[in-house]
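Undergrad: Predicted model, plus sequence, below.
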Amino acid sequence: MDLEIKPFLSRCHQIQAIQSREWRGWSARFEQTELIVWIIGVRCPRFAEIFTSILRDYPPPTRVVLAGFSGGLSSDLAVGEVISPTVFCDLNGSFVPGEDTEPTDAIHVTSPYLLFRQSQKVECRQSTQAIAVDMESYWVVKSVRSFGISIDVIRAISDGVADELPEDVGRLISNGKVNWIQLIRLILTRPISLIHLMRLGRNAHRASRALAQALTRWVRDQATESIRLSNDDIH
């Protein structure tokens, strides 16, 4: 969603919108690092097609980072906490090909639908042993790695295991943006939902700020590593 990435984009410069029928994004610079930022939405089983179109139009990236929100499944994860999972599965327990899991690995699960209720999150935790859930990481990691490109994943927790989400929240997001018509209609027809939406907004704002800080550190670390490798080549 735009909310997830905009706090980081506000730290960039030379931002230009990219026009594409298949995906939406921007080219940008952060300090001396050139970036392409794209929003993938929730159509992640199609991500391989989208990524193919990106590689067709742009040089292959040296590294990809997937950043966004996740729901916490472990009671140890609080809203605003940032995690960097390395092991990914779907709800059926299928792992990304090539991953060898260890008992100490923190597993991240991808669900095709939102988990609204605490009971759903608890059940998901018990069946997968995952610490957090989203709707895209499994598909994106699987696709990017199939092209032989390295990928890092950074997730900010936007709702804890005990936080229940309004069941209408899925209709409020369209193509990565808030659907204001649906939002206004929901508030008018169910005023009580405003309380839940305000809490959801506060949590999302907290998570987006934490995500921006984590992305800033990631880009700077990549730039430092690139300089180090260049110096090693010279010597």
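TA: Structure's in. What do you need?
Undergrad: all helices for the protein, in order.
TA: 2-9, 47-57, 118-128, 137-146, 180-189, 193-234 (DSSP state H).
Undergrad: between those helices, which one is nearest to residue 71?
TA: For residue 71, the closest of these is helix 118-128, at 6.6 Å, according to Cβ to Cβ. C-beta coordinates here come from the backbone N, C-alpha and C atoms, glycine included.
Undergrad: what does the closest one contact?
TA: 71-74, 89, 91, 93, 107, 109, 111, 115, 130-131, 133, 161-164 (Cβ atoms under 8 Å, 6 or more residues apart in numbering).
Undergrad: Just the buried residues of these.
TA: The neighbour count (16 or more other Cβ atoms under 10 Å) marks 71-74, 89, 91, 107, 109, 111, 115, 130-131, 133, 161, 163-164 as buried among the contacts of helix 118-128.
Undergrad: ok, now how distant is the most centrally placed residue in the chain from residue 8?
TA: Central residue of the chain (Cα atoms, centre = their mean): residue 68, 2.4 Å from the mean position. Distance, residue 68 to residue 8, using Cβ to Cβ, to the nearest Å: 11 Å.
Undergrad: Excluding sequence neighbours, find me the nearest residue to residue 7.
TA: residue 212 (3.8 Å; Cβ to Cβ, 6 or more residues apart in numbering).
Undergrad: Go ahead and confirm residue 48 touches residue 145.
TA: No - if you go by Cβ atoms under 8 Å, residue 48 and residue 145 don't touch, sitting 10.9 Å apart.
Undergrad: What ranges in the chain fall below the confidence cut-off?
TA: Along the chain, the parts satisfying pLDDT under 70 run over 1, 22, 41-45, 100-104, 167-180, 192, 227-235.
Undergrad: Try it again at 50.
TA: Low-confidence segments of the chain (pLDDT under 50): 235.
Undergrad: Is it possible to get JSON lines of the helices of the chain that adds mean neighbour count and distance to residue 38?
TA: Output for these, formatted as JSON lines (neighbours: other Cβ atoms under 10 Å; distance: least, Cβ to Cβ, whole Å):
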{"stretch": "helix 2-9", "mean neighbour count": "18", "distance to residue 38": "9"}
{"stretch": "helix 47-57", "mean neighbour count": "15", "distance to residue 38": "7"}
{"stretch": "helix 118-128", "mean neighbour count": "16", "distance to residue 38": "28"}
{"stretch": "helix 137-146", "mean neighbour count": "22", "distance to residue 38": "11"}
{"stretch": "helix 180-189", "mean neighbour count": "13", "distance to residue 38": "23"}
{"stretch": "helix 193-234", "mean neighbour count": "15", "distance to residue 38": "14"}
